[in-house]
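K.L.:
give me a model of this one.
(chains A and B)
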Amino acid sequence: MLTASEKRIIRALQIDLEVRAQPFLPLAESLGLSETELLAAIRDLMARGYIRRFGATIRHRISGFDANAMVAWAVPPSEINRVGQILAGYREVTHCYERQITGNWPYNLFTMIHARTQSECQEMAQRMAELTGIKDYELLFSDVELKKTTMRYFRDHAEDTGELPPADTKTINPH
Amino acid sequence: MNQKNNEPGTEALDDLDRAILNEIQVHFPIVSRPYAEVGQRLGLSETEVLARVQRLHDQGIIRRIGANFNSRKLGYTSTLCTAEVPEAQMEQFVQVVNRYAGVTHNYLRRHRYNIWFTLIAPSTERIEQILTEISAQTGIKEIYSLPARQIFKIQADFPL
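P.N.:
Coordinates of the predicted model:
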């Protein structure tokens, strides 16, 4: 369980840390904590698994992997663990999830794959299909990033009413 | 359409940039002067590390420096949603969907199911409610929610 003070810290940690010699100091001051107390609290939230990762988020394209695709696979339930583990083992796969299927969507295993070009993505998916024996899959390339932001947890107005876009929302008009 | 052309490429990075980025992606020091410690690991001064990080941030190569949370552990529910949105309704649909703070990613993809967005909310009920609201406001009746049943891999960092 999280204390009220920890929730306040989590709320404050959802910012982009200022680039300066002591980046945690202004944050600690805004919370009425010493820098040492804040650092200890962050380490504790990491140790308990509330913070998955602390650090810089880099644009994927910079890493030389210019193309990415979401690949959705139709995997028989009895094989999901075997196939999920194989695909998760690829360095080029950053996300691998089993998802509930619904309606007309029969693909239950989702991977994000990264490569230099879109045709390399296609070739990689083909090789993955041969290796796993899962031949029923779809590649979905993204045409436009319509929104990419980070979640604001424990906001003062906890209810997300769809009324106010968060300040750092990047919206690109698709037209 | 694609933003790619406006973005700096790999050629903008030298070996020291790469080394710094690899350090602060995964091993960002949770200490009073993190850039001094990164400098120590790499044999650079704090001033040099700071100048480079500032430049990489200004160039947009670093999107953000901060905490990434385990939403499930914080008591939130998340899901991936998809819908088949006709071209004529696209602009309005995107506008309605993107107004929700819980919609953190939204992509137009080349597929019959062309809209894919992630939605995070304090409860499953709230997720269903938001999807009902979006349907009511846009007239797009079928929005599929595909919550994760199992995570095999999630890797936000990427070796450079």
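K.L.:
helices along the chain, start to end?
P.N.:
Because you didn't say which chain, this covers chain A. A:4-12, A:25-31, A:35-47, A:80-88, A:118-132 (DSSP state H).
K.L.:
looking at chain B here, not the other one
P.N.:
Under DSSP H, chain B gives helices at B:15-26, B:34-42, B:46-58, B:87-98, B:124-138.
K.L.:
returning to what we had before: looking at the helices of chain A, which is buried most?
P.N.:
Stretch with highest mean neighbour count among the helices of chain A: helix A:80-88 (a mean of 18; mean count of other C-beta atoms under 10 Å in any protein chain shown). For every residue, glycine as well, the C-beta is placed using N, CA and C.
K.L.:
ok, and the closest non-adjacent residue to the residue nearest in space to the middle of chain B?
P.N.:
By C-alpha atoms, centre = their mean, chain B has its centre lying nearest to B:His105, at 6.4 Å. Among residues not flanking B:His105 along the chain, B:Thr118 sits closest, at 4.5 Å (C-beta to C-beta, 6 or more residues apart in numbering or on different chains).
K.L.:
and that neighbour, how many neighbours?
P.N.:
18 (other C-beta atoms under 10 Å in any protein chain shown).
K.L.:
identify the bridge partners of it.
P.N.:
Under DSSP bridges, the beta-bridge partners of B:Thr118 are B:Leu80, B:His105.
K.L.:
so who does it touch?
P.N.:
B:78-81, B:103-106 (C-beta atoms under 8 Å, 6 or more residues apart in numbering or on different chains).
K.L.:
hmm, back to that, with distance to A:Leu33 added, can I get the helices of chain B in a markdown table?
P.N.:
Shown next, in a markdown table, are these (distance: least, C-beta to C-beta, whole Å):
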| stretch | distance to A:Leu33 |
| --- | --- |
| helix B:15-26 | 23 |
| helix B:34-42 | 17 |
| helix B:46-58 | 24 |
| helix B:87-98 | 34 |
| helix B:124-138 | 31 |
